[in-house]
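1. sequence and predicted model, in that order:
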Amino acid sequence: MTTHSEPLDSVLDAVGETPLVRVQASPADVPVYAKLESFNPGASVKDRLGVYLVEQHLERGDIHPGGTVIEPTAGNTGIGIALAATQFDVDAMFVVPEKFSVEKQILMRALGATVVNTPTEEGMTRAIEHAHELADDMDNAVVPQQFASPLNADAHEQTTGPEIWEALDGEVGAVVAGCGTAGTLMGVARYVLDRQPDAHITAVEPEGSLFARTAGGEVEQHEYNIEGIGTSNLATNELYDPELVDEVRQVSDRDAQVELKRLAREEGHLVASSAGAASVAALDVAERIAAGTLDVPHETVVTVFPDSSERYLSKGIYDSYEEWVDDT
């Protein structure tokens, strides 16, 4: 299946225009629609960001042809940037905490990128620091820094948001999306709220993450197995704007894994834990709308399934919960 009806000149032309598919478990009168971002050529939502970042930094002169883009990343943004780097005259280097998906790191290297690992226990904070240290020692290098760059949210305000709006003819009642860098949710929310100020916006994070503190939640930080969303340090998530968010929904590792397995078994969606969490939260929002306890301008809910479960098979994502936790 493709939404592109004409031959394309480059793999980069295949980024975006992904399908919007109903989640069949949603209430009959309040459909949940998921944007299937694994249909991008690099198989994740981060392809949009990778192409946009490289293009914008070259256009602005932050980096020149022959230079190096260095990014701290859990993997998918690296794949998106590396994909873009194959078509632009730049090199790609990524700083990745060791615990993150082996599959993602293999794919980044396959696309010609250099991968540098940092200790798992030091998290993304250390990965960010080390990326800047590497850039400081090089000429013609830039660190886009997806956690802080406004270009992150801009990419989704200019692509993901309009695609959702057009597919639903503007009838968007609620937007539910996971927050890691928060770029996807912030960009889509900005686009939708500019046109439908009463739309309901839900940020999704794992239990153990700290976005809920921005809404007054008394949550404690602890380790979680859901990958790609959540934060252990709010200071690194500069893009997140709590003024755009109506609620923060925390989802447990167990509930996310139960849902990702259900999505595969019952609906044919081969998605990862971040999509499982997003689906749990989106279905909850839809149920509340159906019950009349949540007022929205249109009885539709939109969420994003960021990538594919194939990136996480080595971590036992479809095993028992106990095995998955041990593998992670």
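-> Yep, it's here.
2. now do the same contact list for residue 168.
-> Residue 168 is in contact with 20, 33, 298, 300, 302, counting by CB atoms under 8 Å, 6 or more residues apart in numbering. C-beta: built from backbone N, CA, C; applies to glycine.
3. next one, pLDDT for it please.
-> Reported pLDDT at residue 168 in the predicted model: 98.
4. look up how far residue 48 lies from it.
-> Summarising the geometry, the distance separating residue 168 from residue 48, computed by CB to CB, to the nearest Å, is 19 Å.
5. can you pull the buried residues of stretch 262-273?
-> For stretch 262-273, burial by neighbour count (16 or more other CB atoms under 10 Å) applies to 263-264, 269-273.
6. now do stretch 53-72, average pLDDT.
-> Per-region confidence: stretch 53-72 scores 95 on mean pLDDT.
7. ok, residues contacting that stretch?
-> For stretch 53-72, the external contacting residues (CB under 8 Å, 6+ apart) are 77-78, 81, 84-85, 88-96, 124, 127-128, 130-131, 134-135, 138-147, 149, 151-152, 155.
8. roughly how far is it from the heart of the chain?
-> What separates the centre of stretch 53-72 from the centre of its chain is 21 Å, taken as CA atoms, centre = their mean, to the nearest Å.
9. begin at 48, not 1, for the rest of this chat.
-> That works, and once the first residue is 48, the last one we named lands at stretch 100-119.
10. only the buried residues of it, if you could.
-> 100-105, 109-110, 114-119.
11. again with stretch 133-140
-> Within stretch 133-140, the residues scored as buried using 16+ other CB under 10 Å are 135, 137-140.
12. show the pLDDT at residue 319.
-> We have a pLDDT of 96 for residue 319.
13. report the contact partners of it.
-> Taking CB under 8 Å, 6+ apart as the test, what residue 319 contacts is 274-275, 307, 353-356, 358-359, 364.
14. just residue 132 next, same as before
-> If a contact means CB under 8 Å, 6+ apart, then residue 132 has 101, 116, 138-139, 158-160 as its contacts.
15. how about residue 196?
-> Residues 100, 286 are the ones in contact with residue 196 under the rule CB under 8 Å, 6+ apart.
16. mind checking how far it is from residue 89?
-> 19 Å.
17. now do residue 312
-> From residue 312 to residue 89 the distance is 26 Å (CB to CB).
18. same check, this time on residue 365
-> 22 Å.
19. who's more crowded, the two?
-> Neighbours around residue 365 and residue 89, counted as other CB atoms under 10 Å, are more numerous at residue 89. The numbers are 29 against 16.
20. what's the pLDDT at that one?
-> The predicted local distance difference test score for residue 89 is 95.
21. touching, it and residue 130? I think so.
-> Yes: the pair residue 89 / residue 130 is scored as a contact, 4.6 Å apart, by CB atoms under 8 Å.
22. who touches both of the two?
-> With contacts taken as CB under 8 Å, 6+ apart, the residues that reach both residue 89 and residue 130 are residue 97.
23. which residues touch the helix or strand harbouring residue 312?
-> Counting by DSSP states H and E, the element that carries residue 312 is helix 300-314. If you take CB under 8 Å, 6+ apart as the criterion, helix 300-314 is touched by 70-72, 253-254, 271-273, 316-324, 326-327, 356, 364-365, 368, 371-372.
24. out of the buried residues of stretch 309-320, who's nearest residue 299?
-> Among the buried residues of stretch 309-320, residue 320 lies closest to residue 299 (CB to CB), at 10.8 Å.
25. isn't residue 320 up against residue 365?
-> No: here residue 320 lies out of contact with residue 365, judged by CB under 8 Å, at a distance of 10.9 Å.
26. need the longest helix for this structure.
-> Using DSSP state H to define each element, the chain has its longest helix at helix 320-338.
27. I'd like to check the angle between it and helix 300-314, please.
-> 80 degrees (axes from the mean of the first three to the mean of the last three CA atoms, to 10 degrees).
28. helix or strand right after helix 320-338?
-> Proceeding C-terminally, helix 320-338 gives way to strand 348-352 as the next helix or strand, assigned by DSSP H and E.
29. extract the C-alpha set from that next one and format it as PDB.
-> Coordinates of the C-alpha atoms in strand 348-352 are reproduced here as PDB (Å, rounded to 0.1, in the frame of the first residue of the first chain):
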ATOM      1  CA  VAL A 348      -9.500  10.700  18.400                       C
ATOM      2  CA  VAL A 349      -6.100  10.600  16.500                       C
ATOM      3  CA  THR A 350      -2.900   9.000  17.700                       C
ATOM      4  CA  VAL A 351       0.500   8.100  16.300                       C
ATOM      5  CA  PHE A 352       2.000   4.600  16.100                       C
END
